[in-house]
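Novice: Would you be able to build a 3D model of this:
(chains A and B)
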2 protein chains.
Amino acid sequence: MDKEYAIGIDLGGTFIKGGMVGLDGDVVYSTSIETQAETGPEGVIERMAGLGRAVAEGAGIEWGQVRCMGVGSPGPLNTTDGIVYSAPNLAGWENVPVVKMLEEKLGCCVTLENDANAAAYAENWAGAGKGASSMIMLTLGTGIGGGVVLNGDVWHGKDDAAGELGHMSINFDGPRCNCGGWGCIEAYASAPNTVRRALEGIEEGRQTSLKAVLDGGDQITAKGIYEAAVAGDQFAAETIEATGRYLGIAIASFVNIFNPELVVLFGGLAGAGEMIFGPARQEVARRAIKPGSYTVKIVPARLGKQAGIIGAAGCALRRLEISA
Amino acid sequence: MDKEYAIGIDLGGTFIKGGMVGLDGDVVYSTSIETQAETGPEGVIERMAGLGRAVAEGAGIEWGQVRCMGVGSPGPLNTTDGIVYSAPNLAGWENVPVVKMLEEKLGCCVTLENDANAAAYAENWAGAGKGASSMIMLTLGTGIGGGVVLNGDVWHGKDDAAGELGHMSINFDGPRCNCGGWGCIEAYASAPNTVRRALEGIEEGRQTSLKAVLDGGDQITAKGIYEAAVAGDQFAAETIEATGRYLGIAIASFVNIFNPELVVLFGGLAGAGEMIFGPARQEVARRAIKPGSYTVKIVPARLGKQAGIIGAAGCALRRLEISA
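Specialist: This is a model prediction of the structure:
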């Protein structure tokens, strides 16, 4: 019988997700366990191996039908050698040979991919970007990550460090970014920076229902701002729309650079729908060069939280295909 | 006997350059003729065909040894169908089927490439970027163009419109750019915008030898500013260095996006050496994410004005290779 499945593992600081993925990117079975990062690399990798076996058992699929396992991990990392150099949320991880350790434990082929790249690959393989010859994805959250998929392959760059799309500067004189740069798109449009802009507006005396949240001793969140906007708060709507505009400014440059078929927005505020996509598309139409400015499609991601496992499995299958 | 040569044609508004190029990117013979754009597409294409024959004759190479001809042209254009949609310096050019017309005249395989992309390909094939697995090139001049070469191939994008690297915005609120956008790198670091910044400084009362040029009724050029800087003019040096800094700000973002092995600066002020490259490298070190910020090499182009013909020939050979 052909090996018709791959296991995808999505390594996070709190949870490890695992899934059995078919050759079309369909998830047959998925589950998750706690990372228990305090057990260090050896402990976490033992848990990943165990999760792999549990996924096979849960899916009712024999190990012999599993072609490979792909791991999506935070980085920096080395996809060629299968090494995680370090991981912000995993204390003690330094130059961990994840692929070698897992292959020894499992006896099957394992590959490693950056988690944001894996999610982008997934959307190109089986999600919003299915069939697109070129796609860039921005992952919106505490930070802004990204992935570039060209002709069906993730673009990794010389040191597996490409695709840091959130760290294109849109204003060289702008606010300092967590990456050390200035005016990166992340420094304007991430969830915390959307909150920062709201707080600045409130300090300047803007009228908004969000002030009552603060006065009540609670913190403002990007989600809270979005909900206030939906409830009719004008200032909150402007704040979310500005996030969309900043994203559109960045996407206009990506259009000029890549002329991509598709731009996918993933996670967090990408769920805010037209309040984000409307202003983003407007800025692209205003700023980017024709014909890329009007041929590009700007759409939300489709796979949600399963993108990580689907992409990890997909990248592993793709690697096997290329090396075959 | 094997077909060991390709003809490269570099179509410009004033001159058409042509050369016989060997399979290693070496130019065996080259020459140029006036474009005579006023003769319209039919006339210019007849001249291009004649130039191709003249190149073969001048090189002493029989037509049977020529594998193909590549044409580098201003755009927008369509590399797949071989059509130039329009060309700013060639009046009357609208949807011209250049490839079909030349193939009918010459009876050999012809391909079409954007001129900036052809130059970038040439530098990757046989110039400053020889052997680099990823390279981006910025062409500095009246405008700022670019080309992206990944794994040995030009990245064209969905509509052959990728690589407009001069139109990444480095300040969404910056000066209006010729492309219709705002704060593009071209709007800061092109030759005319370097002059603009110098004129602004003079108007603000900065002391400089350039003022005497203006007072004498002459115009200031980017070359003139560079020469004044070399002669010891402090303000002129600051102006050129600022061009280098703006380029470095843009390159830092390209490093985060592409993690390229190499960035090549081509033409015009790229000849200003350390006065441009020093500040550019400093900004990349300050702003871009590690390790890409220090693994990237930022170097001047090597092929000079022959890059266009070498790249046109090289892209044609590459196309044949892929389709074979």
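Novice: Contacts for stretch A:240-248, please.
Specialist: By CB atoms under 8 Å, 6 or more residues apart in numbering or on different chains, the residues outside stretch A:240-248 that reach it are A:138, A:140, A:170, A:185, A:188-189, A:194, A:197, A:225-226, A:229, A:265, A:269, A:272, A:275-284, A:287, B:172. Placement of C-beta: from N, CA and C, glycine included.
Novice: Residue A:240 and chain B, how far apart?
Specialist: Distance of residue A:240 to chain B, given as CB to the nearest CB, to the nearest Å: 18 Å.
Novice: In the helix or strand that residue falls within, which of the residues would be classed as buried?
Specialist: Using DSSP states H and E, residue A:240 sits within helix A:234-258. Under the neighbour-count criterion of 16 or more other CB atoms under 10 Å in any protein chain shown, helix A:234-258 has A:235-258 buried.
Novice: before we move on, the earlier item: which ones among the contacts of stretch A:240-248 map onto strands?
Specialist: Among these, the ones falling in strands (DSSP state E) are A:138, A:140, A:265.
Novice: Just give the number of residues close to the second one.
Specialist: Read that as residue A:140. Here the count is done by other CB atoms under 10 Å in any protein chain shown, and residue A:140 has 26 residues near it.
Novice: which SS class is residue A:156?
Specialist: Secondary structure for residue A:156, judged by DSSP: H, G, I helix; E, B strand; the rest coil, is coil.
Novice: pretty sure it is touching residue A:77, no?
Specialist: No - using CB atoms under 8 Å, residue A:156 is not in contact with residue A:77; the gap is 10.3 Å.
Novice: quick revisit: will you turn the ones in strands among the contacts of stretch A:240-248 into CSV that also has distance to residue A:126?
Specialist: Shown next, in CSV, are these (distance: CB to CB, whole Å):
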residue, distance to residue A:126
A:138, 19
A:140, 20
A:265, 17
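Novice: Tell me which residues touch the residue of the stretch 101-250 of chain A found nearest chain B, please.
Specialist: Residue nearest to chain B within the stretch 101-250 of chain A (CB to the nearest CB): residue A:157, separated by 2.5 Å. Shown in contact with residue A:157 (CB under 8 Å, 6+ apart): A:163, B:134, B:258, B:259, B:260, B:292.
Novice: how near is it to residue A:177?
Specialist: Counting by CB to CB, to the nearest Å, the gap from residue A:157 to residue A:177 is 19 Å.
Novice: Find out how far stretch A:88-103 is from the centre of the chain, if you would.
Specialist: Distance, stretch centre to chain centre, for stretch A:88-103: 20 Å (CA atoms, centre = their mean, to the nearest Å).
Novice: An error on my part: the question was meant for stretch A:84-104.
Specialist: 20 Å.
Novice: avg pLDDT for that stretch?
Specialist: Mean pLDDT, computed over stretch A:84-104, is 94.
Novice: Give me the residues contacting that stretch.
Specialist: Contacts for stretch A:84-104 (CB under 8 Å, 6+ apart): A:11-14, A:35, A:37-38, A:40-42, A:44-45, A:48-49, A:52, A:69, A:71, A:73-78, A:81-83, A:109-112.
Novice: For those, which ChimeraX command selects only the ones that are buried?
Specialist: Only the buried entries of the contacts of stretch A:84-104 go into this ChimeraX selection, using 16+ other CB under 10 Å:
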select /A:11,12,35,37,41,44,45,48,49,52,69,71,73,74,75,76,77,78,82,83,109,110,111,112
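Novice: restrict the contacts of stretch A:84-104 to those near chain B?
Specialist: residue A:76 (CB under 8 Å from any CB of the partner chain).
Novice: Of the contacts of stretch A:84-104, which belong to helices?
Specialist: The helices, defined by DSSP state H, take in A:40, A:41, A:42, A:44, A:45, A:48, A:49, A:52 from the contacts of stretch A:84-104.
Novice: which among the residues you listed gets closest to chain B?
Specialist: Ranked by distance to chain B (CB to the nearest CB), these are led by residue A:41 at 21.0 Å.
Novice: Show the model's pLDDT score for that closest one.
Specialist: For residue A:41, the pLDDT comes out at 95.
Novice: can you give me the helices for the stretch 201-324 of chain A?
Specialist: For the stretch 201-324 of chain A, the helices defined by DSSP state H, counting those that start in this stretch cover A:210-215, A:222-230, A:234-258, A:274-287, A:292-295, A:307-323.
Novice: can you name the two of the ones in helices among the contacts of stretch A:84-104 that are farthest apart?
Specialist: For the ones in helices among the contacts of stretch A:84-104, the farthest-apart pair by CB to CB is A:40 and A:52; their separation is 18.9 Å.
Novice: got a list of what residue A:126 touches?
Specialist: By CB under 8 Å, 6+ apart, the contact list for residue A:126 reads A:24, A:25, A:26, A:303, A:310, A:314.
Novice: Same check on residue A:180?
Specialist: B:286, B:287, B:289.
Novice: For it, which three-state class applies?
Specialist: coil.
Novice: Residue of the stretch 201-324 of chain A closest to chain B, please.
Specialist: Relative to chain B, the nearest point of the stretch 201-324 of chain A is residue A:259 (2.5 Å; CB to the nearest CB).
Novice: Quick check, that residue in contact with residue B:159.
Specialist: Yes - contact criterion CB under 8 Å: residue A:259 and residue B:159 qualify, at 5.7 Å.
Novice: From the contacts of stretch A:240-248, keep the buried residues only.
Specialist: In those, burial by neighbour count holds for A:138, A:140, A:170, A:185, A:188-189, A:194, A:197, A:225-226, A:229, A:265, A:269, A:272, A:275-277, A:279-281, A:283-284, A:287, B:172, counting by 16+ other CB under 10 Å.
Novice: Verify the stated contact: residue A:122 with residue A:307.
Specialist: Yes - contact status for residue A:122 versus residue A:307: in contact at 4.3 Å, counting by CB under 8 Å.
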